[in-house]
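>>> The following comprises the amino acid sequence and a computationally predicted model.
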Amino acid sequence: MHTEILILAWGAVLLFVHIFAAGHVKTRQYGTKWNTGARDEALPPMDPIVGRLVRAQANYQETFPIAIAALLGVVVAGRTGDTTALGGWIWLGARVAYLPLYAVGVPVVRSLVFLVSVVGLAMVLWPLLGG
């Protein structure tokens, strides 16, 4: 199996972590009745950690499709190599680090870690763009 596919599988696991982390803190704030109900009612503003985890999840869901396209793309195109594998691991490692940094509210370092993840994705995309 290609390393890039393994990275995608771990990326999917990380998506579950995002979903369950955000869902857990939202349920802790709004209650089990809200979680198991239709969720039609207006809610009070989210507590800070709830908002951060929901935003971190949204950010991951915005960028994960790019990772999917890049990582699957290099496998399908036969353009995998040490650089694409390294780039994938950099992307995944940065995304793993990003979640707790966002959860606790670390501002600048969180953004730098996000940029590291973008560099990792660029390393994967480059062979698909003719590099």
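Yep, that arrived.
>>> List the residues that contact the nearest residue to A122 once chain neighbours are set aside.
In this structure, A122 finds its nearest non-sequential neighbour in G87, 7.1 Å apart by CB to CB, 6 or more residues apart in numbering. C-beta coordinates here come from the backbone N, C-alpha and C atoms, glycine included. Applying CB atoms under 8 Å, 6 or more residues apart in numbering, we find G87 in contact with V119, G120, L121, A122, M123, V124, W126.
>>> At the geometric centre of this structure, which residue sits there?
Y60 (3.2 Å; CA atoms, centre = their mean).
>>> dump the residue contacts of that one.
L14, L15, H18, R95, Y98, L99.
>>> Could I get the full set of helices for the protein?
Using DSSP state H, the helices of the chain run over 3-30, 32-36, 48-76, 82-104, 107-125.
>>> Please identify the deepest-packed of these.
helix 82-104 (a mean of 19; mean count of other CB atoms under 10 Å).
>>> How far away from the center of its chain is it?
Relative to its chain's centre, helix 82-104 lies at 8 Å (CA atoms, centre = their mean, to the nearest Å).
>>> Now for this protein, the helix or strand with the poorest mean pLDDT.
helix 32-36 (a mean of 90; mean pLDDT, DSSP states H and E).
>>> helices and strands around that helix, which ones?
Applying 3 or more CB pairs under 8 Å, 6 or more residues apart in numbering; DSSP states H and E, one finds that helix 32-36 makes contact with helix 3-30.
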